[in-house]
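Novice: Structure for this input, please:
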Amino acid sequence: MRRHRNVKIVATLGPASSSSQMIRALFEAGADVFRLNMSHGSHEDHRARYEAIRAIEAETGRPIAVLADLQGPKLRVGQFAAGPHDLPEGAPFRFDLSPEPGTASRVQLPHPEIFAALVEGAELLVNDGKIRLKVVSCGPDHADCIVTVGGQISDRKGVNVPDVVLPLAALSDKDRADLEFACELGVDWLALSFVQRPEDVEEAKALARGRAAVLSKIEKPAAVRAFDEILKVSDGIMVARGDLGVELPVHSVPPIQKRLVRLCRSAAKPVIVATQMLESMIESPMPTRAEVSDVANAIYEGADAVMLSAESAAGSYPVEAVTTMDSVARSVEADPNYRSIIEASRKASLSSVPDAIVTAAREIAETTDVAAICVFTQSGQTVSLVGRERPRVPILALSPEERVLRRLCLTWGTHAVATARLSRFKEAVVNATRAARKFGFADESRKVVVMAGVPFNVAGSTNILRIAPCDERLIYASDPE
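Specialist: Predicted coordinates for the structure are as follows:
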């Protein structure tokens, strides 16, 4: 089940992809990570999907990552007495806390936190930005607005407030229950919605207690402004362009995406580019050329992963969507321009011994005929550093820690391999070369770079690099240690 590409594919599971047969088909088509969207489905639905994933993992012998995406607080208007209403441009409209059914001039907005944060001139967006209103006056229980972009408003439509940092926690009561369920289930990654500040991430990590890595979804302007601080405390990032495109001018999203991907790579933390990547494939077996270009652009930027949402969860062509994404990735990575773009965006970082060793490994791979870089790891950190270098050869991550291998399924260029605990460096060399041959990365005529740390089985101890032949007769004929 070797992948012939470096970028990873995240596939969301849902009504169209719940059966074991379909999940297996998505994995065989190229899915490396499966996303459980906690906004939809019951805990039992997600448990059944999780168990199906783990059964496929056991059958194929290849680690698979599972990402649970928390819903986050949902801001919505109340209900209307007489159905939908058209709000014309220039019309006055009030949001308030009254539970009375809405009319053509007002509706309930049952979130006092919003009113506490609003200021005159702030903008409210309804129904994914299709309706826009500007606040002309506000108090602790109301906001009087003028419609700046008209449209039809109806029951329970979502509300966005892009101009202010809302005094809302990223975790609702539902999210806390979902987080605990997901961690007990054994998911590898938690995606945190509605992140506005680093404290939101720290709260989620405290609740996760190391049982799952926490990935911050960047979907609000406040998160973009505080990105450096959020990145420091996050284990990974998801650039959620859909919500960003609602709350920010749509033309500003591509340069933001490019900047965030580069910052994540520099920090050696995985980054997913997500939402609306192959949107037309929800209903069509073929994507648009614009969508293919969008996926390709994320890969040229050096993203660790690209994600399918409704395309695989609720669409008519989930397997075709994964296959398309896999084909685009392989085509892009075969383009000679891809390497020049990736290498031009590399940022030198030589602040530690592991930094120096991974840089040396990448340079050796560029200047000699090695087939792969094999990394023995306890925590996954050295593998992440190698991935940051975006080497020209595959990365084999070898570890006795199952949870580490699963999390590394999100890291660019990495093939995760389970191995026994080792006590001698020669054992590491032999295990590395056997894995390289077994999974088709090298034959006996090739060499690999082997990286490890002494003492063994201690996180953060990477301090040895060796170029080793894949012919075991040569290994045993050389220095025994």
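Novice: Please make it C-alpha for all contacts and neighbour counts, starting now.
Specialist: OK.
Novice: Now for residue 155: which residues touch it?
Specialist: Residues in contact with residue 155, defined by Cα atoms under 8 Å, 6 or more residues apart in numbering, are 77-80, 83-84.
Novice: Could you pull out the buried residues of the helix or strand where residue 428 lies?
Specialist: When secondary structure is defined by DSSP states H and E, residue 428 falls within helix 425-438. Of the residues in helix 425-438, those with enough neighbours to count as buried (16 or more other Cα atoms under 10 Å) are 425-426, 428-436.
Novice: Now flag whichever of the contacts of residue 155 is closest to residue 351.
Specialist: For these, the minimum distance to residue 351 (Cα to Cα) is 50.7 Å, reached by residue 77.
Novice: Okay, now the unreliable bits of the chain?
Specialist: Low-confidence regions of the chain, defined here as pLDDT under 70, cover residues 1, 350, 457, 460, 477-481.
Novice: Could you list the domains of it?
Specialist: Taking automatic domain parsing as the domain assignment, the ranges for the chain are 8-72+170-334, 85-160, 353-477.
Novice: Looks to me like residue 273 is in a helix.
Specialist: No. With DSSP: H, G, I helix; E, B strand; the rest coil as the criterion, residue 273 is assigned strand and is not in a helix.
Novice: just the helices in the stretch 51-200 of the chain please.
Specialist: 112-117, 173-185, 198-208 (DSSP state H, counting those that start in this stretch).
Novice: Determine which of those approaches residue 258 most closely.
Specialist: Nearest to residue 258, of all the helices of the stretch 51-200 of the chain, is helix 198-208, at 21.0 Å by Cα to Cα.
Novice: List the buried residues in the closest one.
Specialist: 198, 200-201, 204-205, 208.
Novice: Need the max-distance pair from those.
Specialist: Maximum pairwise distance among the buried residues of helix 198-208 (Cα to Cα): 15.5 Å, between 198 and 208.
Novice: between the buried residues of helix 425-438, which is nearest residue 301?
Specialist: Of all those, the one sitting nearest residue 301 is residue 436; the distance, using Cα to Cα, is 28.0 Å.
Novice: contacting residues for the closest one?
Specialist: For residue 436, the residues meeting the contact criterion (Cα under 8 Å, 6+ apart) are 372, 396, 442-443, 448, 470.
Novice: let's see 6 Å
Specialist: Residues touching residue 436, when contacts are defined by Cα atoms under 6 Å, 6 or more residues apart in numbering, comprise residue 442.
Novice: does the residue most central in space within the chain have beta-bridge partners, and which?
Specialist: Nearest to the geometric centre of the chain sits residue 272, at 3.5 Å (Cα atoms, centre = their mean). Applying DSSP bridges to residue 272 yields these beta-bridge partners: residue 238, residue 305.
Novice: Surely it touches residue 240?
Specialist: No. With the criterion set as Cα atoms under 6 Å, residue 272 and residue 240 do not qualify as a contacting pair; they are 8.4 Å apart.
Novice: can you map out the helices along the stretch 351-481 of the chain?
Specialist: Per DSSP H, counting those that start in this stretch, the stretch 351-481 of the chain carries helices over the ranges 353-367, 381-389, 402-407, 425-438, 472-477.
Novice: helices or strands up against the longest one?
Specialist: Judged by 3 or more Cα pairs under 6 Å, 6 or more residues apart in numbering; DSSP states H and E, helix 353-367 is in contact with no other helix or strand.
Novice: hmm, try it at 8 Å
Specialist: strand 370-376, helix 381-389, strand 462-469 (3 or more Cα pairs under 8 Å, 6 or more residues apart in numbering; DSSP states H and E).
Novice: what pairs with the last one, and is each one parallel or antiparallel?
Specialist: Strand pairing for strand 462-469, determined by DSSP bridges: strand 447-453 (antiparallel).
Novice: gap between the partner strand and the chain center?
Specialist: Strand 447-453 has its average C-alpha position 28 Å from the chain's average C-alpha position, going by Cα atoms, centre = their mean, to the nearest Å.
Novice: Kindly report the same for stretch 463-474.
Specialist: Its chain's C-alpha centre lies 34 Å from the corresponding centre of stretch 463-474 when counted by Cα atoms, centre = their mean.
Novice: got a list of contacts for it?
Specialist: With Cα under 8 Å, 6+ apart as the test, stretch 463-474 has contacts from 353-354, 357, 361, 429-430, 433-434, 436-437, 442-454, 475.
Novice: Quote the end-to-end distance of that stretch.
Specialist: Taking Cα to Cα, to the nearest Å, the first and last residues of stretch 463-474 lie 23 Å apart.
Novice: Flag every buried residue along it.
Specialist: Judged by neighbour count using 16+ other Cα under 10 Å, the buried positions of stretch 463-474 are 465, 467-471.
Novice: Of the residues you listed, which is the nearest to residue 104?
Specialist: Among those, and counting by Cα to Cα, the member closest to residue 104 is residue 465, at 70.4 Å.
Novice: Now do that closest one against residue 388, distance only.
Specialist: Residue 465 is 17 Å from residue 388, by Cα to Cα.
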